[in-house]
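Asks: My questions concern the predicted model and sequence given below.
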Amino acid sequence: MKRIFISYSHKDETWKNRLTAQLKVLQLQEAWEDKHTHVVTLVAWGGVGKTALVNHWLNIMEQQGYCGAQRVYCWSFYSQGAEKGKYVSADEFMQNTLTWFGDPEPWAGDVVQKAKRLVNLIRKERTLMILDGLEPFQYPPGELQGYKGRIKDHGLRTFLKELAGNQPGLCVITTRESLTDLTDRMDFSVKEILLEHLSLEAGAQLLGKLGAIGPSKEIMQAVQEYGGHALALNLLGYYLHDVYQGDVRKRDKIPSFTLENKKSEHARRVLEAYEQWLGDSPELNILYIMGLFDRAVKRGTIEALMGNLPVPGITEQLMDLSEEDWQLAVTNLKDANLLSKIDPRKRDVIDCHPLIREHFAEKLREENPGGWKEAHSRLYHYYKNLPEKESPDTLQEMEPLFASVAHGCAAGLHQLALDDVYFKRIMRGKGYAVHKLGAFGADLAVLSHFFDIPWSQPATGLKDEAKAFVLNGAGFDLRGVGRLQEAIQPIKTCLDLQAGHQDWKNAASSASSLSELMLTLGRVRDAVDYARQAVSHADKSEDSFTREYSFTSLGDALHKLDHLEEAEKWFREAEALQMKREPEYRYLISIQGFRFCDLLLGQGNFSEVEDRAENTIKIAKKYGRLLDIALDRLSLGRAWMMQTLIGITGDFTKAEEYLNQAVAGLRKANNQEFLLRGLLARAECSRWQKKFKVARQDLQEAQEIADMGSMSLYLADYHLEAGKLCATEDKKTEIIFACPYFFHDASLTRR
């Protein structure tokens, strides 16, 4: 039997017993026993008791030998970090979980491959999986219209949808938002449990067990005043016991204040009172330290933070503290429910409820900005010096550098963190993290720290050129993970900034990016307009490569608008510029060459495409460009497939080989947009070979990518290919679209 415990937020036993009485535990037990239920979501705001409920149920399951579970695995996303306004990546969860379930190469493949491998491992034995605190990965209300509750990370979304489809065990998820990605399976394989706040009777019983004394009417009134919020009532009960001998009538001495977030106001009222009561004490210093982090903290990190000189208002009371007094302070905080209970296997780690962490972080930022910056500055240097290698090679080795960036930005050292850590050591000046590791999600999470408002307002501490750099990087990463609608804003802001400074070279690049983005979204005329703007800026820059790239952007947009003759003219001009600049290259290379090949394939110039791609792939391999290699193979696969269809070649063997290599390479490059194109091409090839099951699998994945990214252009291609597949199988009744799809651009045509 394997088990990982959530070392976080163990609440009072009486609260757990009350939850059991409210039948929530029974609902979990019924879900476990129901072979048709694969996922349960517990939905409630922070502090209501989701984690407590799950922990109580796990304890009951343990007492009963886990009721047939062969493996129990729990993961808390709270302990990974979810600072408000910052993007988080599921890479850490995926790699650690794959490792735990025995995957021999947890780093291999793209996010979808990892997700499917993990699901297959889970399906081998009856597994109980707990995912605690999923909301950092969900779109909150108002962030993106129509996306509320949807999962941002494509790999994590695929994992949960696959798990909800079929598995012998159960996955229990706690979150603050309903999981809308699984709505279609709700009440079938997915169950949602909404947790309400405590009733007056339950709240009164809880306060009584915590030591609150007084007239029952007063106790009931206290529960009502605190909205039945479980965490707030726990804190209130402990506070009254510690400070006023349990007298519930003294609760009027707890300050009342208004917060924007009404749902956590009551808990924060008690935390404010605790802060005043603790005064200048080691306990309060420890709570302030928790506010510096977005995850559990190791004792060694705290010692590094303390250094030789105290951080004003944060570590002063800890400097000369004996080991016995340190343990006493930690114990006092745990007894007051302000720190989580210790995981026996991690005695050097302390953690607390996210609301407690958020409260003390806000207090430090607002009331002790000097101490806040000094503490984060020390942590920036500590994590910066932690890796053994100056330039780490893997994401796991880079983790301290990611933390260094986060603390450096919190200290206001945005430019320093960008130059010395992000650009020099994470990206190595050449985009290492994304181009070599394909880590778009992890890179986006790091970049989020360089924004005051993601993804529109870079930090004020950055230089203008640095602001443009992070805006462009965010747009690039958002496109890479398939979040195209969100990518528009940072690229537009970047373009305006660059044009305003007459930085024509980079402005042309941003305009080209917008053209490509609009094209994928189905806004073809907008794509042409931005491409013409890119050409104009590029001409002003007088930079040869920038002009070449912008010419191919315009050619590609015109191709999709069916202006083939003008499109080819721009491609030929781009190629002439490249040959003048680099005579050793006969053909357009990289994405530029792929775009031209796409046009030539549509014109039936299959042999020319084959010649071009075989030539350019040698260049791509020479420089190890993952995406370029994959795109050349995609062009070759399509060329061989089309030649087979017209009888030039005997079978689809060569086409299938190239397309398989292309899809594998595109997964490794981790670019969702181009992966989608590879999947569509391979699905077509499988259809011609009557490998219908394989074709459907590729089409399903292509649809998921296109749908999540609102990729209208490729959704059209998907529906066309799906219809052809149904017709080929002679299943005409299945040629039904799930929903009508309306394009932004009425002139869009697909040939």
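Replies: That came in fine, so what should we check first?
Asks: Without its sequence neighbours, what residue ends up closest to Leu558?
Replies: Of all residues not flanking Leu558 in the chain, Ala567 sits nearest, at 3.8 Å (Cβ to Cβ, 6 or more residues apart in numbering). Glycine gets a C-beta too; all of them are placed from N, C-alpha and C.
Asks: quick one: contacts for the one you found?
Replies: With contact set as Cβ atoms under 8 Å, 6 or more residues apart in numbering, Ala567 has these partners: 554-556, 558-559, 599.
Asks: following the helix or strand that contains it, which helix or strand shows up next?
Replies: Per DSSP states H and E, Ala567 falls inside helix 564-581. Using DSSP H and E, the next helix or strand after helix 564-581 towards the C-terminus is helix 590-602.
Asks: Kindly list the longest helix within this structure.
Replies: Assignment by DSSP state H gives helix 626-645 as the longest helix of the chain.
Asks: Please export the C-alpha coordinates of that one as CSV.
Replies: C-alpha atoms of helix 626-645 as CSV (Å, rounded to 0.1, in the frame of the first residue of the first chain):
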residue,chain,number,x,y,z
LEU,A,626,12.9,21.1,-32.7
LEU,A,627,10.0,23.0,-34.3
ASP,A,628,11.7,23.5,-37.7
ILE,A,629,12.6,19.8,-38.0
ALA,A,630,9.0,18.8,-37.2
LEU,A,631,7.5,21.3,-39.6
ASP,A,632,9.8,20.1,-42.4
ARG,A,633,8.7,16.5,-41.7
LEU,A,634,5.1,17.6,-41.8
SER,A,635,5.6,19.2,-45.2
LEU,A,636,7.3,16.0,-46.4
GLY,A,637,4.5,13.8,-45.0
ARG,A,638,1.9,15.9,-46.8
ALA,A,639,3.8,15.9,-50.0
TRP,A,640,4.2,12.1,-50.0
MET,A,641,0.5,11.6,-49.1
MET,A,642,-0.6,13.8,-52.0
GLN,A,643,1.7,12.1,-54.4
THR,A,644,0.3,8.7,-53.3
LEU,A,645,-3.2,9.9,-53.9
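Asks: buried stuff in stretch 275-284?
Replies: 275, 277-278, 282-284 (16 or more other Cβ atoms under 10 Å).
Asks: With stretch 644-663 instead?
Replies: For stretch 644-663, a neighbour-count test (16+ other Cβ under 10 Å) marks 644, 649, 652, 654-656, 658-659, 661-663 as buried.
Asks: same question, stretch 698-705
Replies: Across stretch 698-705, burial judged by 16+ other Cβ under 10 Å covers 698-699, 701-705.
Asks: go on, stretch 492-511?
Replies: 492-495, 497-499, 503-511.
Asks: for Gly604, phi and psi?
Replies: Main-chain dihedrals, Gly604, degrees, to the nearest 10: phi 90, psi 10.
Asks: Run a quick neighbour tally on the residue nearest to Arg581 when sequence neighbours are not counted.
Replies: Distance criterion Cβ to Cβ, 6+ apart; nearest residue to Arg581, sequence neighbours excluded, is Ser544 at 4.7 Å. As a burial measure, Ser544 scores 14 neighbours (other Cβ atoms under 10 Å).
Asks: From Ile589, how far off is Ser544?
Replies: Counting by Cβ to Cβ, to the nearest Å, the gap from Ser544 to Ile589 is 14 Å.
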